[in-house]
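1. from the sequence below, what's the structure:
(one chain, ligands or ions: 2)
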Amino acid sequence: MSLPPRAPSEIEVVAHRGVSAEAPEHTLAAYQQALALGADAVECDVRMTRDGVLVCVHDRRINRTSTGRGVVSALDLAELERHRVVHRRPRRAGIRGRPSRPAVTDDDVEADEDAGRVLTLDRLLDYVTASPGRVRLAIETKHPTRHAGQVEVALLTSLRRFGLLSGGRPLEWSGRPAVRVMSFSPTALRRVRVLAPDLPTVHLVRQVLPRSRSRSRSRPRPALPAGTAIGPSLALLRHDPGLVARLHRAGLQVHVWVVNRPRDMHFASSLGVDAIITDEAATLLHHLGRG
Ligand code: G3P
Ligand code: CA
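-> Ligands and ions are numbered 1, 2, ... in the order given. Down below sits the predicted model:
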């Protein structure tokens, strides 16, 4: 069934790694800010520790986002928890060159003993489900080939434990699923759909062909995946703006990432995408007339 383009007021605002422009990414402080601003959803990357715990960490290593060093999947949770989360931002269009903020302070740690520690997925789910404000979750699985299949099983087990998934169906808030799973890996998404057929999935794609190749061949198109939505990078959408209408005609939602500049927000919203993933949730809400 073909989907209509979304009006700006209907576009879902997804706070990338929490409000990662303002607080250390993947910390409760960043997610609290997303709720306070009125974001519709929060994005979170998950990786599995050596002892099988899902933690909210983007990079393969903890070097950028903590005081420690090492590969997440080679460390136990207790080892990860020895290090403090720090605020170092990745290089990305629209945020490059902005100064880093200080690490979580000792005052923060005193106020909340978890504040300076790596955030586990369960702690995030506990926070979101206990909050009166309803914010949806867009959870991205990383390293799908490591711990083959265990990440998806652990993720769905956690969603069930917090009442976000029941019998393969996601909980609904205001008529929309409260949670969805995203991945660059079709294999990971297929595993999720086998385990929970009604849980929405987003296939993330970043492929852009070099100009010389794209002239001689048809424009890059992501292979239609098993997902209920496609998550193209902003670069891919800029390269191929007609992608949104084509995907909508195929009945697939479009969730574009990561859109931080006002001019890019204008571009994405004018195409009628379904969700915009951003580090700058306050700016996007304002742009869409909601802040
Ligand atoms: O939301 C999709 C986006 O987060 C994918 O890129 O590298 O920030 O996880 P990355
Ligand atoms: Ca991500």
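2. so which residues on the stretch 101-250 of the chain come close to ligand 1?
-> 140, 204, 231 (Cβ under 6 Å from any ligand atom). Placement of C-beta: from N, CA and C, glycine included.
3. can we see that at 8 Å?
-> 138, 140, 142, 182, 184, 204, 206, 231, 233 (Cβ under 8 Å from any ligand atom).
4. and the residue positioned nearest the centre of the chain, helix, strand or coil?
-> With the centre of the chain defined as its mean C-alpha position, the nearest residue by Cα atoms, centre = their mean is residue 43, 2.9 Å away. Going by DSSP: H, G, I helix; E, B strand; the rest coil, the secondary structure assigned to residue 43 is strand.
5. that one contacts residue 277, correct?
-> Yes: Residue 43 is within contact range of residue 277, at 5.6 Å (criterion: Cβ atoms under 8 Å).
6. quick check: neighbours shared by these two?
-> Common contacts of residue 43 and residue 277, defined by Cβ atoms under 8 Å, 6 or more residues apart in numbering, comprise 14, 16, 138, 257.
7. show me what the third one is bridged to.
-> Beta-bridge pairing for residue 138 (DSSP bridges): residue 43, residue 180.
8. what's the answer for the first one, then?
-> Beta-bridge pairing for residue 14 (DSSP bridges): residue 41, residue 277.
9. make residue 1 into 2 and carry on from there
-> With 2 as the first residue, the last one maps to residue 15.
10. okay, it: pLDDT?
-> Note for residue 15: predicted pLDDT of 98.
11. low-confidence ranges in the stretch 102-251 of the chain?
-> 102-116, 145-146, 209-228 (pLDDT under 70).
12. just the helices in it please.
-> With DSSP state H, counting those that start in this stretch as the definition, the stretch 102-251 of the chain shows helices at residue ranges 107-112, 122-131, 151-162, 187-196, 212-217, 235-240, 244-250.
13. residue 231 reaches residue 256, doesn't it?
-> Yes: with the criterion set as Cβ under 8 Å, residue 231 and residue 256 qualify as a contacting pair; they are 7.3 Å apart.
14. get me the contact residues on this protein for ligand 2.
-> Contacts of the chain with ligand 2, taken as Cβ under 5 Å from the ion, map to 46, 141.
15. residue 72 - how many residues pack around it?
-> Burial of residue 72 is recorded as 15 neighbouring residues (other Cβ atoms under 10 Å).
16. how about the strands in the stretch 52-201 of the chain?
-> For the stretch 52-201 of the chain, the strands identified by DSSP state E, counting those that start in this stretch occupy 55-57, 137-142, 166-167, 170-171, 173-174, 177-178, 180-184, in order along the chain.
17. need the ones you listed in a markdown table (columns: distance to residue 36 and mean neighbour count).
-> Conversion of the strands of the stretch 52-201 of the chain to a markdown table gives the following (distance: least, Cβ to Cβ, whole Å; neighbours: other Cβ atoms under 10 Å):
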| stretch | distance to residue 36 | mean neighbour count |
| --- | --- | --- |
| strand 55-57 | 16 | 25 |
| strand 137-142 | 11 | 24 |
| strand 166-167 | 21 | 18 |
| strand 170-171 | 19 | 16 |
| strand 173-174 | 13 | 12 |
| strand 177-178 | 16 | 16 |
| strand 180-184 | 15 | 25 |
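18. redo these as CSV? Include distance to residue 38.
-> Formatted as CSV, the entries for the strands of the stretch 52-201 of the chain read as follows, by distance: least, Cβ to Cβ, whole Å:
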stretch, distance to residue 38
strand 55-57, 19
strand 137-142, 14
strand 166-167, 26
strand 170-171, 23
strand 173-174, 17
strand 177-178, 19
strand 180-184, 20
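19. measure stretch 29-46 end to end?
-> 14 Å (Cα to Cα, to the nearest Å).
20. what average pLDDT does that stretch get?
-> The pLDDT scores in stretch 29-46 average 96.
21. do stretch 51-71 as well
-> Here the mean pLDDT over stretch 51-71 is 95, rounded to a whole number.
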